[in-house]
Each structure stands twice: as C-alpha cells, then as structure tokens.
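K.L.:
Return atomic coordinates for the entry below.
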Amino acid sequence: MTTPRGKLVLPDVYCRYAVSEGPLGRNGTLFTRQGKLMIRNAAHARDPRPVDDDCTCYACTRFSRGALRHLVMAGEMLGAQLATLHNLHFYLELMRRIRAGLADGTFPEGAAATAGAWA
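P.N.:
Numbering: from 1, shown residues only. Take a look at the predicted model:
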C-alpha cells in the first residue's frame with residue numbers, strides 16, 4: 001500500500017510476521033511471488049520443484065516442495081526452520097524490490113504486478 005506520494009505504508013501485521021519467529025512458516029504457509037503456498041496440501045507430496053523457482057534461499061536451493069512437505073507433516077523442526085527461513089528471505093527480497101522500485105520510479109508497475117499475482 002502506498003500513499004499518493006509513493007511512500008510505502010505497511011500494516012503492522014506484515015512487519016510482525018516478517019520479524020517474528022515465523023508463525024505462518026511453522027504452520028506450513030510459504031510466501032512466493034505467485035501468492036501463498038500451503039505446503040501441507042497433498043498436491044505437494046511428490047512435487048520435485050522448489051518452493052519458489054526465483055528464490056535463492058537455502059530452502060529453495062536445496063529442498064523440494066515434497067521434501068519440505070514431508071518435514072512439516074512429520075513435525076520435524078527442520079521443516080519449520082526451513083519454512084521460516086524462506087518466508088524471511090521472501091520478505092527481505094520484497095523490501096529490496098520495493099526500495100529499488102521507489103528509487104528508480106518503477107514502483108507503481110511492480111506493485112501492480114505483485115498485487116495481481118496475490119489477488
């Protein structure tokens with residue numbers, strides 16, 4: 001959300017999730033450029049793809065959706081840690097893209113594209 005002058009305004013809830021221990025990640029909710037990914041869904045059981053194809057975090061470069069789903073479903077602490085790591089990396093990259101868009105004047109187009117993917 002932005003003001004008419006292009007200033008970024010985030011609701012407090014987004015910031016709390018980004019800097020907290022990662023309550024959504026621990027429960028199997030992962031954020032991607034295409035929207036939320038519920039890793040507990042059975043559709044991901046044998047999925048060999050990473051959580052997000054464009055992500056460079058440790059979880060996405062070394063674990064498949066199927067492996068991460070197994071870890072989360074089994075209650076393994078590594079699953080919660082990887083999901084939280086991915087979500088924090090997602091938020092950091094999102095903020096980098098927002099800052100870059102504000103600096104070079106492309107923020108409105110980037111925000112519209114992101115909002116369209118999350119709708």
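
K.L.:
the helices in this protein, which residues?
P.N.:
For the chain, the helices defined by DSSP state H cover 12-19, 23-26, 58-62, 65-73, 77-104, 107-118.

K.L.:
just so I know, which of the ones you listed lies nearest residue 47?
P.N.:
helix 65-73 (3.9 Å; Cβ to Cβ). For glycine as for every other residue, the C-beta is placed from the backbone atoms N, C-alpha and C.

K.L.:
Please state the offset of that closest one from the chain centre?
P.N.:
16 Å (Cα atoms, centre = their mean, to the nearest Å).

K.L.:
My guess is residue 78 contacts residue 72. True?
P.N.:
No - under the criterion of Cβ atoms under 8 Å, residue 78 makes no contact with residue 72, lying 9.3 Å away.

K.L.:
Pick the most buried one from the helices of the chain.
P.N.:
Among those, ranked by average contacts under mean count of other Cβ atoms under 10 Å, first place goes to helix 65-73 (a mean of 20).
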